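A.B. asks: here are the coordinates; sequence isn't available:
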Ligand SMILES: Nc1ncnc2c1ncn2[C@@H]1O[C@H](COP(=O)(O)OP(=O)(O)OP(=O)(O)O)[C@@H](O)[C@H]1O
Ligand SMILES: Nc1ncnc2c1ncn2[C@@H]1O[C@H](COP(=O)(O)OP(=O)(O)OP(=O)(O)O)[C@@H](O)[C@H]1O
Ligand SMILES: [Mg+2]
Ligand SMILES: [Mg+2]
């Protein structure tokens, strides 16, 4: 009843578009829940690296007496022991997106599907392209997560005869992706398609292609459904045939479920995997959130 | 002590030549390497790409040359650029209803960028030269401030210029005069004016004097505070100019815009032969430094000889090597 | 003459006191602020957390104090820490089959960390003092090199310590002596030894002399190159020590480990009153600087008064304010 | 007696230019051997070679009859050879004690024995009658006190050979006496002392032998006995010298500078004086009297209260630029830290103060070049290469460059602090004439100097300062060394004054 709870939310800071979206959804969920449940208090901390995230979690436990922790681990390995320690103190733990490296610590696991993210994109490439077609890939910041996606992508196009000309890191950053794509375009005369693995990078890639005047030659698949990209798909841009979801809103789901678990008797424990869907111009409207910053 | 300076002086003849040639040689070596790795390297398109991309950092680095020559440092330029871009985009979006999409909107946007850059530089300069706080701390602080203000303005996401305005503004990055892209023209102009200001004007002299020995400058009736302030204001303005070139490229700004630009700009300045502790600056050297840094990236992308994980290592090695060539200059610092 | 010296002495008293008090006052203000915001702030748990986590940067910053006092700079410490951690983890994982999980494994891991740190410092020091390349460039280069070597070693992902080994090693971070966590003890030890070395040994004096005026140091028969080299080697070793404390905490290393530690360490040193251009250093000031920086983070987490997007801005403002208090010391530099 | 230190045919070149041409020289224990010569003759270069700071380009240096090359400083010091540099060799941020023991710290176990060093530093300084606190930073010391620290450092290191390059250039008579006494003492202990000074009376007083260098060549070595100052000067310059001081110009009546109640906190109390058109006004006082601080306060280099009027118009306090625009310019006594940018070339130094005269927007390099040519001619700056950094000039030539820099601003009132510090006798004469000519043109000059003969010889009126206030004023025939000293020490004003 009048018992109050504190929920700690630890997420990476908004250093690129997707994380920006995630931050937005986290804050939106918190505002919503605080309005609905006055007995809930939230502590939101954003971290630029794993160590800072551990610090934040320690502070939440030591000074804010949190009852539940929602964490999107900056990296899985380094967060595992600290989160385990939190769990051992009897705090409810919800892990979002990136699993911990030891199973069974968290009470609730809400995640996007990184393997699916790479696979769904790869499948589209395999369906659409054939033997001898050339593609280039822009990867994210070198992390386990990026590795998973790329591995799944590679697995999906295996045997299709698609020729991966080059892979470089665009660091989920528009400017970096723009530069890398410019150089790819200088280097290769024949590119049929680009997997940009993230819509922020896709923006840079499209711009570079446009500048080189090769818009008709290739198409681009980004990912995570940024609103500008979805809009262009809705407008039927031929360069953006499909996109793959990786919803930043999963954090909102996680926070809401956690809150629900505290304030009501609803059993919320378990694993919620939000699969990666293929977005096409036809269904794009469903994935368009004009209010989100992402 | 006479001896000291004396020995340096003696070496100087030899040193200057190496000091001067060092970065130029490194640049030439990189161009040869690039050309031998990929036949498109010297193509019009690639050269334009590399030069146009260098323009942002380049314009900022020219300003940084003055700051460093005068014995200062500015760590805030990258996040200042993000902030200026954010403010510019928001202002332009807000002015569309009144001004419509057209030249006047773009002009107004540019004015906003320049004024914002100017003010940001003024604040840094004021805290450093009037309040007397160590430049490193002031600009480290303002780096955090601008970065997080930008994220806050963008609500964690990306600030995007209205689509029509962007299409109208776009040519400022992509078009040019006689086949030379605007950013390249602006960069060249800034560099030439900077070089003239450094070498031919009292302001340049005063910067060098201030960086070499503040006391002597003061005793020589140089308005030390004002000159120091001016370097930061100039840099702020140039950040504004760089932003004017940056925004039409992708039409957006976010908290991650301009990350590490400060380090790149400072590195370009030092590679170009300006002395980190102040007292001697060379604008054209900075231009060479910027080009070296851009070329390294370009070549790594064009070559794909190694694991992309190692790109950073190769960059590091090349930067060090580029400077080894001028190591004879050591005693000058 | 008597008048003279008296006056000088008088002035000095006033200046030093502000210079000294500045950061301490800032620290006290932060503690009061923290305590007023949250009753748990001064709890044993929170104090231990803050101190223990300050230890990494703190240990590195103590080494950085020597480097900066001697007129140098090291931008590579953050990525060096990542690299040392990566090598240490790989070495420990590789040694498990032979040594088993036990004290000898941990000892061997520590030895690897120290040796790796030592070597990394030696390379920096060698390039700077023997080859004579600008410290900024060398360490900027090695920053890129270590960062990307770590990414490469981890194959783009994370290097993790074997789970059993980690459980065994974990108490080195989390346990302690008489209720004081090990990292705090080690940090305190490093700080005390550092303070002694700076103030009471010829080495500290030689660092200051070198930073103040290299020629004078050389003419006074100070082995300039060796002292300079020693500062980088010492810093490398301390990075090794910091890593020894870091690995049991997170049990892993990746390309993003230790990002921006260099900036934080340098900021702590400068906030503590050491002069960026060299010639004067104060280890205890650095400790205060590190604590100020950690406390700012802690307090921001305690309070959650503002949008987390603005944390960076608040941090920036506090850092500048902390140093404003000592601006009177400006003339001393 | 056999020589401790000897050179045979030593040459030294900087780049293509040879500045020492095969010099033979020897130094025996228990003698004071003076090396004299014009500015740029090669004295400092010679001394640095002997002191192990510079390697000769040719010829040999012999230590106790054996050829030696010193790989570094330490080697020379270990051989008991110590040098006091013409330009200071002190780290400004460090304290007096730290400087004195730099590289030779006393320790107890692994730690510094600070107490012992402080005590010894104090003792050494006391021997020089200098009472600065060993914990003071050298940056906060006046130029003469820095020199004392420099000397103390050398004294503290038991020298067999002590090389002193113009140690008295920045000292007043009283301190010089103290120093010369110390030199006598060391000599009696059997040390060999090599000594340079442009003050030939000192040379005559303490030297046993004198060697004259001219243009890098050895001219003569002879016993000091019977070598008159006049003969020395002529051997140095290589021509006849006439009287040192020109006729004193007659000042006008018009007051051009009026200082009223000027207080520089901590240094000067309530100083007032007037300067007339065409006047040369001398400022005398002991070290630490606050003359420098007063002058710096007048031109806005130090925070000060009170009024300064130029031609009746008050100048903006704290602004060097507005002082300069009013035609009031100050030439500092500290040429290395406040006067010249040692790493910059002659031109950049020369025009820095008067840069606005060379174009507002773009600097007219050709005009700068002409200015340098003019300065070199007018002030007889001996630079082997016009593009060399100022720091490579010989000490005296640096001083001339500084004078030229100040004069380029075309001041109507010029304050010159220690105008002839380190300048040879021939050039001194030129500078005195220059000052007299300035006054004759209707400009006004304040000369702050610790060389009483200079003050007396040049000025029509002398203001004497003591302990931060103006202790008296002398005109015409009143101006004698004795009268100045009595006022400076406060004798007659305050009984039993000790300073
Ligand atoms: N590092 C150097 N590079 C070039 N020339 C030098 C250097 N050091 C000294 N010289 C030149 O060597 C000559 C002799 O200089 P030195 O300092 O020995 O003269 P000095 O006799 O001590 O004169 P002063 O009485 O002015 O001190 C001068 O012409 C000087 O410019
Ligand atoms: N920057 C400074 N900070 C603190 N004290 C200073 C500073 N500069 C000078 N002083 C002190 O002021 C005193 C007076 O200076 P100084 O000896 O130059 O006076 P002076 O009358 O000009 O003597 P002289 O011209 O003979 O050297 C010095 O002894 C010194 O201790
Ligand atoms: Mg000399
Ligand atoms: Mg004086």
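C.D. replies: Good, I have the coordinates. What you see is a predicted model; the values in this text were computed from it and never measured. Ligands and ions are numbered 1, 2, ... in the order given.
A.B. asks: Am I right that residue D:221 is in contact with residue D:27?
C.D. replies: No - Residue D:221 lies out of contact with residue D:27 (Cβ atoms under 8 Å); the separation is 10.7 Å. Any C-beta I mention is one placed from the backbone N, CA and C, and that applies to glycine too.
A.B. asks: Whatever helix or strand residue D:435 lives in near ligand 1 at all?
C.D. replies: Assigned by DSSP states H and E, residue D:435 belongs to helix D:425-440. No - residues of helix D:425-440 contacting ligand 1 under Cβ under 6 Å from any ligand atom: none, with a closest distance of 8.9 Å.
A.B. asks: So which elements touch that helix?
C.D. replies: On a contact count with 3 or more Cβ pairs under 8 Å, 6 or more residues apart in numbering or on different chains; DSSP states H and E, helix D:425-440 meets helix D:229-237, strand D:280-285, helix D:365-379, helix D:395-408, strand D:444-448, helix D:452-458.
A.B. asks: what about residue D:221 and residue D:27, which has more around it?
C.D. replies: Per other Cβ atoms under 10 Å in any protein chain shown, whichever of residue D:221 and residue D:27 has more neighbours is residue D:27, with 22 against 14.
A.B. asks: list the contacts for the more buried one?
C.D. replies: Contacts of residue D:27 were listed using Cβ atoms under 8 Å, 6 or more residues apart in numbering or on different chains, and they are D:3, D:4, D:5, D:6, D:33, D:50, D:161, D:192, D:194.
A.B. asks: pLDDT value on it, please?
C.D. replies: We have a pLDDT of 90 for residue D:27.
A.B. asks: ok, now the one 4 residues further on?
C.D. replies: According to the per-residue confidence, residue D:31 scores 91 in pLDDT.
A.B. asks: quick one, phi/psi of it?
C.D. replies: The phi and psi values for residue D:31, taken as degrees, to the nearest 10, are phi -120, psi 160.
A.B. asks: again with residue A:50
C.D. replies: Note on residue A:50: its backbone torsions stand at phi -60, psi -40 [degrees, to the nearest 10].
A.B. asks: Name the SS class of residue A:85, please.
C.D. replies: On the three-state scheme (DSSP: H, G, I helix; E, B strand; the rest coil), residue A:85 is labelled helix.
A.B. asks: Contacts only, for it.
C.D. replies: No contacts exist for residue A:85 under Cβ under 8 Å, 6+ apart.
A.B. asks: Now do it against residue A:223, distance only.
C.D. replies: For residue A:85, the distance to residue A:223 (Cβ to Cβ, to the nearest Å) stands at 34 Å.
A.B. asks: Next, see if stretch D:86-103 gets close to chain C.
C.D. replies: Yes - Stretch D:86-103 is in contact with chain C by Cβ under 8 Å from any Cβ of the partner chain, via D:89, D:90, D:91, D:92, D:93, D:94, D:98, D:99, D:102, D:103.
A.B. asks: Just the buried subset of the residues you listed, please.
C.D. replies: D:89, D:90, D:91, D:92, D:93, D:94, D:98, D:99, D:102, D:103 (16 or more other Cβ atoms under 10 Å in any protein chain shown).
A.B. asks: Show only the entries of those residues found in helices.
C.D. replies: D:98, D:99 (DSSP state H).
A.B. asks: phi, psi of the closest residue to residue D:152 other than its chain neighbours?
C.D. replies: Of all residues not flanking residue D:152 in the chain, residue D:124 sits nearest, at 4.1 Å (Cβ to Cβ, 6 or more residues apart in numbering or on different chains). Dihedral angles phi and psi of residue D:124 (degrees, to the nearest 10) take the values phi -60, psi -40.
A.B. asks: so what's residue D:124 scoring on pLDDT?
C.D. replies: pLDDT, read off for residue D:124, is 88.
A.B. asks: next one: residue B:6
C.D. replies: On the pLDDT scale, residue B:6 gets 36.
A.B. asks: Any idea how far apart the tips of stretch D:313-325 sit?
C.D. replies: 12 Å (Cα to Cα, to the nearest Å).
A.B. asks: Name the helix or strand for the closest residue to chain B within the stretch 51-200 of chain A, please.
C.D. replies: Across the stretch 51-200 of chain A, the shortest distance to chain B (Cβ to the nearest Cβ) belongs to residue A:183, at 3.5 Å. In this structure, residue A:183 sits in helix A:174-187 according to DSSP H and E.
A.B. asks: Check which helices and strands that helix sits against.
C.D. replies: strand A:134-139, strand A:163-169, helix A:199-212, helix B:44-69, helix B:224-250, helix B:283-303.
A.B. asks: Minimum distance to residue D:39: which of the ones you listed has it?
C.D. replies: With Cβ to Cβ as the measure, helix B:224-250 is the member of the helices and strands packed on helix A:174-187 nearest residue D:39 (31.1 Å).
A.B. asks: does chain A sit close to that closest one?
C.D. replies: Yes - using Cβ under 8 Å from any Cβ, helix B:224-250 reaches chain A at B:249, B:250.
A.B. asks: Contact partners for the residue in chain D that chain A sits nearest to?
C.D. replies: Closest approach between chain D and chain A, counting by Cβ to the nearest Cβ: residue D:110, at 34.9 Å. Residues in contact with residue D:110 (Cβ under 8 Å, 6+ apart) are residue C:201.
A.B. asks: Need phi/psi at the residue in the stretch 1-150 of chain D that ligand 2 sits nearest to.
C.D. replies: Nearest residue of the stretch 1-150 of chain D to ligand 2: residue D:142, at 3.0 Å (Cβ to the nearest ligand atom). Residue D:142 adopts backbone torsions of phi -80, psi 160, taken as degrees, to the nearest 10.
A.B. asks: Could you report the neighbour count for it?
C.D. replies: Neighbour count for residue D:142, taken as other Cβ under 10 Å: 20.
A.B. asks: got it, and residue D:113?
C.D. replies: 16.
A.B. asks: Residue D:198 reaches residue D:426, doesn't it?
C.D. replies: No - the pair residue D:198 / residue D:426 is not scored as a contact, 9.8 Å apart, by Cβ under 8 Å.
A.B. asks: Could you pull out the strands in chain A for me?
C.D. replies: A:5-12, A:40-47, A:68-71, A:92-96, A:108-112, A:134-139, A:163-169, A:193-195, A:219-221, A:243-244, A:270-274, A:278-279 (DSSP state E).
A.B. asks: which neighbours does the last one have in its sheet, and in what orientation?
C.D. replies: With DSSP bridges as the criterion, the sheet partners recorded for strand A:278-279 are strand A:243-244 (antiparallel).
A.B. asks: Give me the buried positions along the helix ranked longest in chain A.
C.D. replies: When chain A is parsed with DSSP H, its longest helix is helix A:17-36. Within helix A:17-36, the residues that count as buried by 16+ other Cβ under 10 Å are A:17-30, A:33.
A.B. asks: Same check on stretch B:157-165?
C.D. replies: Buried residues in stretch B:157-165 (16+ other Cβ under 10 Å): B:157, B:158, B:159, B:160, B:161, B:162, B:165.
A.B. asks: and what of stretch A:257-269?
C.D. replies: So stretch A:257-269, judged by 16+ other Cβ under 10 Å, has buried residues A:257, A:258, A:259, A:261, A:262, A:263, A:268.
A.B. asks: Residues touching it, excluding its own?
C.D. replies: Contacts for stretch A:257-269 (Cβ under 8 Å, 6+ apart): A:5, A:7, A:33, A:37, A:39-40, A:67-68, A:70, A:92, A:94, A:107-108, A:110, A:272.
A.B. asks: Out of the residues you listed, which is nearest to residue C:190?
C.D. replies: Within these, the smallest distance to residue C:190 is 36.5 Å, found for residue A:70 (Cβ to Cβ).
A.B. asks: May I see the domains of chain D written out as residue ranges?
C.D. replies: The record's domain split for chain D, according to automatic domain parsing, is D:5-237, D:255-488.
A.B. asks: For residue B:275, find the nearest of these.
C.D. replies: Of the domains of chain D, nearest to residue B:275 by Cβ to Cβ is domain D:255-488, at 9.4 Å.
A.B. asks: measure the closest one end to end?
C.D. replies: Separation of the first and last residues of domain D:255-488 by Cα to Cα is 25 Å.
A.B. asks: Please report phi then psi for the residue of the stretch 351-499 of chain D found nearest ligand 4.
C.D. replies: As assessed by Cβ to the ion, ligand 4 sits closest to residue D:417 within the stretch 351-499 of chain D, at 5.7 Å. According to degrees, to the nearest 10, the main-chain angles of residue D:417 amount to phi -90, psi 120.
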